[in-house]
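> fold the following for me, if possible:
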Amino acid sequence: MLFHLGVFQLDTDSKHQTFWHSLTAPARLLITLILLLGIVLTPNGYWQNWSIYGLVIGGLIWISQIQLPVLLRRVALESIFLSVVLIGTLFRQDGVVVWSWGWLRVTDTGLIILGSVSFKAILSLILLNLLTMTTAIPDLLNGLLVLRTPPLLVAIMVSMYRYISVLIKEFQAMQRAAAARNFWGSSHWQRMVLGSMLGSLFIRTFDRGERIYQAMLARGYEGIPTQVVATKFTSRDKKTIIFICVLVFLAKASLLF
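Next comes the predicted model:
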């Protein structure tokens, strides 16, 4: 969520009236998890399977009528951080050497692994952003409770979403204070100021979090989020989930041939 500080409203397209939006939040969450498992568990090099998942995700994007520029901007921003990890899969010792420079060697096996992991990451990011853009955050958290997610984990997510805007405002206030005092000089001085700001922000966040927690305990908080609506799967939800399960099963069965 910190990747979208400039566009903090995650559920930008949750008010549309489409087939995807007509599904309950637990059903959308479960469909997303099923597709994610299918994508992640596909072995490296099976491009035709990922093309099937890509067509399914493309169909969901078209059905949900989300803002494509917003989706692409978010995926591009998240991919920057993932690329640092993905680049490490390129350099491997096994396989035929395609390019070498000193001790660095790029092999065909490394290229296949890099391409496979990149496909998995991009499809997963698109799918997760599709879910968060089309589902209101309270409904999404309620769906996690319906799917038997540990309540403590959901409570942590609720607190993070509830107070992350406060954290952003605190950091922006510290930025304005540093700019007003002309603290942005050389690059070395900027790093020192930024380090001091982050350290101060951590201490202030910890203190405020402790005060909020004590206030919540005084008001009867027990650490378990309240499930607002006991959501049940509709017949449309069940049919769609069965269809996605059959699709993933056929995609996995095609690996045998």
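
> buried residues in the helix or strand that contains residue 152?
Using DSSP states H and E, residue 152 falls within helix 151-180. For helix 151-180, burial by neighbour count (16 or more other C-beta atoms under 10 Å) applies to 151, 154-155, 157-158, 161, 167, 170-171, 174, 178. For every residue, glycine as well, the C-beta is placed using N, CA and C.

> and those, which two are furthest apart?
Pairwise distances across the buried residues of helix 151-180 (C-beta to C-beta) peak at 39.8 Å, for the pair 151 and 178.

> where does the stretch 1-150 of the chain have low pLDDT?
Low-confidence segments of the stretch 1-150 of the chain (pLDDT under 70): 1-9, 92, 95-100, 102-103.

> all the strands of it, residue numbers only.
Listed in chain order, the strands of the stretch 1-150 of the chain (DSSP state E, counting those that start in this stretch) span 97-101, 104-107.

> I'd like to know which elements the shortest one is packed against.
Strand 104-107 makes packing contacts with strand 97-101 when contacts are defined by 3 or more C-beta pairs under 8 Å, 6 or more residues apart in numbering; DSSP states H and E.

> for residue 43, which non-adjacent residue is spatially closest?
residue 255 (7.0 Å; C-beta to C-beta, 6 or more residues apart in numbering).

> phi and psi next, for that neighbour.
Backbone torsions of residue 255, given as degrees, to the nearest 10, read phi -70, psi -20.

> need the contact list for the most centrally placed residue in the chain.
With distances taken as C-alpha atoms, centre = their mean, the residue of the chain nearest its centroid is residue 128 (5.3 Å). Listed by C-beta atoms under 8 Å, 6 or more residues apart in numbering, the contact set of residue 128 reads 32, 36.

> what is the neighbour count of residue 147?
When neighbours are defined as other C-beta atoms under 10 Å, residue 147 has 14 of them.

> that one and residue 29 touch, don't they?
Yes. Counting by C-beta atoms under 8 Å, residue 147 touches residue 29, with 6.4 Å between them.

> go through the helix or strand where residue 215 lies and flag the buried ones.
Using DSSP H and E, residue 215 sits within helix 187-218. For helix 187-218, the neighbour count (16+ other C-beta under 10 Å) marks 193, 197 as buried.

> the helix holding residue 152 to helix 187-218, inter-axis angle?
Helix 151-180 and helix 187-218 are oriented at 140 degrees to each other (axes from the mean of the first three to the mean of the last three C-alpha atoms, to 10 degrees).

> still on that earlier bit, helices and strands around the helix holding residue 215, which ones?
Short answer (3+ C-beta pairs under 8 Å, 6+ apart): helix 187-218 packs on helix 151-180.

> ok, the residue nearest to residue 43 - contacts?
Per C-beta under 8 Å, 6+ apart, neighbours of residue 255: 42-43, 46, 49.

> and these as CSV, adding distance to residue 89?
Converted to CSV, these look like this (distance: C-beta to C-beta, whole Å):
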residue, distance to residue 89
42, 16
43, 14
46, 16
49, 19
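
> now go through these and say which are in helices.
residue 49 (DSSP state H).

> among the contacts of residue 255, which ones are buried?
42, 49.

> closest one to residue 194 out of the contacts of residue 255, please.
Of all the contacts of residue 255, residue 194 sits closest to residue 42, with 40.8 Å by C-beta to C-beta.

> surely the closest one touches residue 123?
No. Using C-beta under 8 Å, residue 42 makes no contact with residue 123, being 9.8 Å away.

> anything in contact with each of the two?
50, 53.

> name the helix or strand for the closest residue to residue 27 other than its chain neighbours, please.
Nearest residue to residue 27, sequence neighbours excluded (C-beta to C-beta, 6+ apart): residue 237, at 3.7 Å. In this assignment (DSSP H and E), residue 237 forms part of helix 235-253.

> now that helix: buried residues?
For helix 235-253, a neighbour-count test (16+ other C-beta under 10 Å) marks 237, 240-241, 244, 247-248, 251 as buried.
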